[in-house]
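Trainee: task: produce atomic coordinates for the following.
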Amino acid sequence: SISRQNRMDLAKQISSAISARSSEGGDVNGASITEQLMQNPELLAALSSQLENLVGSSSGLVESLPAAVRRRVSALKKLQRQHLEIELEYHAAIAELEKAYQKKYTPLYEKRQKIISGEYEPTEEDLEHDEDDDEEEGEEDKNAKEGEEEGD
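Mentor: Next up, the predicted model:
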C-alpha cells in the first residue's frame, strides 16, 4: 500500500509539472502532461513505481465501512460473479446459435453470389414474391412511367 506521504509527494510533483506547463503558456491537456512526464524521467519513474504498487492493493474504503454494509458489499460481489457466469453462458449460447444459423445462411449466400455473378439465372420459382410486393412494384412502375411522360 502507498503511504499517505508518498501519495502527497507524488501529487505535488505532478501538480508542479502541470503548473510549470501552464505557466509556460502551454496546454494542460493529456498530451502535454504526457510530454512533461516523458521529459522528466525521474517523475515518470516515480509515477510508474507508485502505480505498480496500487495494483491489487486495497484502498481501505471497504474495510472502513460498518460490518452490515461490508456484508452487503460481499453479497453484491457474489451476485456480480453469478451474473458474470450467466453472461458467459449467454454469450456461449449466442455463439452456438450463430454457428447453427450460419449453416442455414450459407446456401442462400452462395446462390446470391451465383445470381450476382451471372453464373445462375433465376427460375420462375426464384422470382416468386408476396402480393404486397407486387402492389408496391406496380405503384413504383406507374410513378416511373408518369415521370417519363412528364419529361417528354
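Trainee: quick one: low-confidence parts of this protein?
Mentor: Along the chain, segments meeting pLDDT under 70 span 1-8, 10-34, 36-38, 56, 130-152.
Trainee: and the helices in it, which stretches?
Mentor: Listed from the start of the chain, the chain has helices (DSSP state H) covering 4-23, 30-39, 41-54, 67-117, 124-127, 131-151.
Trainee: leaving out chain neighbours, which residue sits closest to Arg70?
Mentor: When the adjacent residues along the chain are set aside, Arg70 lies closest to Val62, with 6.2 Å between them (C-beta to C-beta, 6 or more residues apart in numbering). Any C-beta I mention is one placed from the backbone N, CA and C, and that applies to glycine too.
Trainee: was I right to think that neighbour contacts Leu76?
Mentor: No: under the criterion of C-beta atoms under 8 Å, Val62 is not in contact with Leu76, lying 11.0 Å apart.
Trainee: rewinding a little: count the neighbours of the residue nearest to Arg70 for me.
Mentor: Other residues near Val62 come to 12 when the count uses other C-beta atoms under 10 Å.
Trainee: what's Thr123 sitting at in phi/psi?
Mentor: phi -90, psi 180 (degrees, to the nearest 10).
Trainee: from Ile115, how far off is it?
Mentor: Counting by C-beta to C-beta, to the nearest Å, the gap between Thr123 and Ile115 amounts to 11 Å.
Trainee: looking at those two, which one has more neighbours?
Mentor: A count of neighbours by other C-beta under 10 Å puts Ile115 above the other of Thr123 and Ile115, at 13 against 8.
Trainee: so for that one, what's the nearest residue that isn't a sequence neighbour?
Mentor: In this structure, Ile115 finds its nearest non-sequential neighbour in Pro122, 6.1 Å apart by C-beta to C-beta, 6+ apart.
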